[in-house]
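Participant: would you be able to build a 3D model of this:
(one chain, ligands or ions: 1)
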Amino acid sequence: MGSVGSFLSKYFEKESMLSLLRRGVFRILTVGPTPNHIAFILDGNRRYAQSLNMKEGDGHKIGFLTLMSMLKYCYEMGVKYVTIYAFSIDNFKRKPHEVQNLMNLMLEKIEELLEEESIVHNFGIRVHFIGNLMLLNEQVRAAAKKAMAATAKNDKVVLSICVAYTSTDEIVHAIQESYNEKQEENNEPNSNDIGVHKGFVERNPNDIKVTDIERHMYSAFAPDPDILIRTSGETRLSNFLLWQTTYCHLYSPSVLWPNISFWHLVWGILNYQRVHSYLEKKRKKTF
Ligand SMILES: CC(C)=CCC/C(C)=C/CC/C(C)=C/COP(=O)(O)OP(=O)(O)O
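Facilitator: Now for the predicted structure:
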């Protein structure tokens, strides 16, 4: 009992030291511009498991624990929005048993997120599931809806979990919704006049504008991400937030997702701060 007690006190001592160190680092970082929204592509979970001769699914389980730490770091430092790519529509093409295992893991973890001691309660997180939720099985869809409803009143920070998501699907969905809206507004079910234009010259009030499409994006409630972190050294966007990342800083450390650490996040933020004023000028089109 004594040794368990001393192990626990050493553990908590180390944890509070680390938390103190993190707070010190965040203090320094907040001298510069801090990101409001960070998006993550959690790449490399299977490769991590393979490299350690583990079962494939164990890589994803460890990946989930890594995600919990990363969320804690982000919210502790004042990031308001975090968006993660948890499962793309293309991932449905994986072997059926792998898709099933990932869905089971998702279900288990969504339920865990709603428990009393979870990170969701500790940080007052509002959870959004983003994507074509109709492609999910009944159980996962119901769990996702339950999590959204249970956290709907949380207003401190936001976690958007992209599942059954691709950016092109989101854009097509938003255009379709914009089109339906225009038809309703004009009460012209067969109007052939509705077009899409890029927003400079207003040709026709029936035209779908960029702002219409933006209002109908699944992610319309969040500002565009400031930083996108994709692990495993991949520099592709893989159909993730294509519409929202024009002025986003992309950081792709070579580390596999389960090995990403606090220091990678710090490095990503420092790099973002280095290019921040340039990105802002581009965003505001001041040169
Ligand atoms: C409820 C909730 C938030 C759950 C999230 C669980 C989680 C960690 C999902 C990651 C899924 C995924 C397909 C990651 C990419 O790694 P990969 O499988 O493509 O690995 P690879 O890049 O090595 O092939």
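Participant: up against the ligand, what does the stretch 101-250 of the chain have?
Facilitator: 105, 106, 109, 110, 161, 232 (C-beta under 6 Å from any ligand atom). For glycine as for every other residue, the C-beta is placed from the backbone atoms N, C-alpha and C.
Participant: inside helices: which ones of those residues?
Facilitator: With helices taken from DSSP state H, the overlap with these comprises 105, 106, 109, 110.
Participant: the nearest residue to residue 269 once chain neighbours are set aside: neighbour count?
Facilitator: Spatial nearest neighbour of residue 269, excluding adjacent residues (C-beta to C-beta, 6 or more residues apart in numbering): residue 29 at 5.7 Å. Neighbourhood size, residue 29 [other C-beta atoms under 10 Å]: 18.
Participant: now swap in residue 231 and tell me
Facilitator: Using other C-beta under 10 Å, residue 231 is surrounded by 25 other residues.
Participant: dump the residue contacts of it.
Facilitator: Applying C-beta atoms under 8 Å, 6 or more residues apart in numbering to residue 231 gives the contacts 40, 41, 42, 43, 44, 252, 253, 255, 256, 257, 260.
Participant: and the gap between the fourth one and residue 10?
Facilitator: This means residue 43. 34 Å (C-beta to C-beta, to the nearest Å).
Participant: got it, and the third one?
Facilitator: For residue 42, the distance to residue 10 (C-beta to C-beta) stands at 31 Å.
Participant: so which of the two has more stuff around it?
Facilitator: Neighbours were counted for residue 42 and for residue 10 using other C-beta under 10 Å; residue 42 has more, 22 against 10.
Participant: contacting residues around that one?
Facilitator: Applying C-beta under 8 Å, 6+ apart to residue 42 gives the contacts 63, 66, 67, 84, 85, 86, 231, 257.
Participant: residue 83 now?
Facilitator: By C-beta under 8 Å, 6+ apart, residue 83 lies in contact with 37-40, 130, 159-162, 219, 222, 225, 241.
Participant: just the buried residues of those.
Facilitator: Those of those that meet the buried threshold are 37-40, 130, 159-162, 219, 222, 225, 241, by 16 or more other C-beta atoms under 10 Å.
Participant: middle-most residue in this protein, spatially?
Facilitator: Geometric centre of the chain, nearest residue: residue 83, 1.5 Å, by C-alpha atoms, centre = their mean.
Participant: part of a strand, is that residue?
Facilitator: Yes - assessed with DSSP: H, G, I helix; E, B strand; the rest coil, residue 83 lies in a strand.
Participant: noted, bye for now.
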